[in-house]
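Student: Attaching a predicted model along with its sequence, questions to come.
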Amino acid sequence: MPNGIMTNITRYNNYLFQTDCFKNYSTTETAEEIQQRIQNELNLVYDTYYGWLALPLASIALIITIIFIISIFRAIRQHRVSRKSYVLLLNRSIGDLLVCTVAIFNGIYVLLEDDVNRDIVQAVDSFFAASYWAAMVSYVSLSLLKLYAVARPFDYRRNVNMKRCIHLMIISWIIFAFIAVFSLSFMALVKIGFLREWSGCRTETCLRPMFRIRNFFTVSVYLFTIICFLLTEDLLAPFISGIEMMREKFSDIDFHFGN
């Protein structure tokens, strides 16, 4: 299939089938002209969403992330914060740094390239998704550790140590490598000729299901993290309300003594 061919949806016996085939246009345009027009439309989409919109935001995020990493590193070295939590924050920030770098690289490529190769964009996006997962593991770990610390404070102090936090960091980058290899392997099975013939994989049968599975797990893990933080807040609510009541009580005592 030529690069940049748009998806066609065909109706057959009231069922919709999505394919990567040319639509049978009734037009005087030649096949080359149609392909070039579609490529121009594709370039416009990439320039807009991967270039002009993403590049400034990714650049600003990169600067903020670098400042944040430097601040966390200094706080950890000076022992001003809990190392167990902040080392996971540092690991998450490194994942964010990689995400911003990949987004900037993609944005520069689509703006400089006249005919954007969507296979290259998808390959770079695989590293973007993998970097996101590396950061997401730290988010999930932080949410679970905070929930564990609130629900079982004595067990938390006994069982959670710096060594185990470092193990979580290592796991996050193992998942990064797995997601990158997983995505790139499916792309290779579809895009490389002899692998496509050997596996019988097509975009419709292999690549799209892979993206759907990966995106499903991404959304699921994100929702799981939010649920953990909400549970932590729910468990903390009685303690916070008790502290507020004590503050009000002591403020009344101070007021009476003042009188």
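Tutor: Alright, I've got the coordinates. Numbers count the residues shown, from 1 in each chain.
Student: only C-alpha atoms for contact and neighbour calcs from this point on.
Tutor: Noted.
Student: where does residue 79 land in three-state SS?
Tutor: Here residue 79 is coil, with the state taken from DSSP: H, G, I helix; E, B strand; the rest coil.
Student: what about it, how many neighbours?
Tutor: Neighbour count of residue 79, defined by other Cα atoms under 10 Å: 10.
Student: what's in contact with stretch 134-153?
Tutor: Under the criterion Cα atoms under 8 Å, 6 or more residues apart in numbering, residues 85, 88-89, 91-96, 155-157, 168-169, 172-173, 175-176, 221-222, 224-225, 228-229, 231-232, 235-236 lie in contact with stretch 134-153.
Student: how much space between the closest residue to residue 207 other than its chain neighbours and residue 81?
Tutor: Among residues not flanking residue 207 along the chain, residue 186 sits closest, at 6.2 Å (Cα to Cα, 6 or more residues apart in numbering). Distance, residue 186 to residue 81, using Cα to Cα, to the nearest Å: 43 Å.
Student: Look up phi and psi at residue 115.
Tutor: Main-chain torsions, residue 115, degrees, to the nearest 10: phi -120, psi 100.
Student: Surely it is in contact with residue 43?
Tutor: Yes: between residue 115 and residue 43 there is a contact at 6.6 Å, judged by Cα atoms under 8 Å.
Student: between the two, who's got more neighbours?
Tutor: Shown here are residue 115 and residue 43; by other Cα under 10 Å, residue 43 has more neighbours (21 against 15).
Student: Go through the helix or strand hosting that one and flag the buried ones.
Tutor: Element membership of residue 43 [criterion: DSSP states H and E] is helix 31-46. By neighbour count on 16 or more other Cα atoms under 10 Å, the buried set for helix 31-46 is 34-36, 38-40, 42-44, 46.
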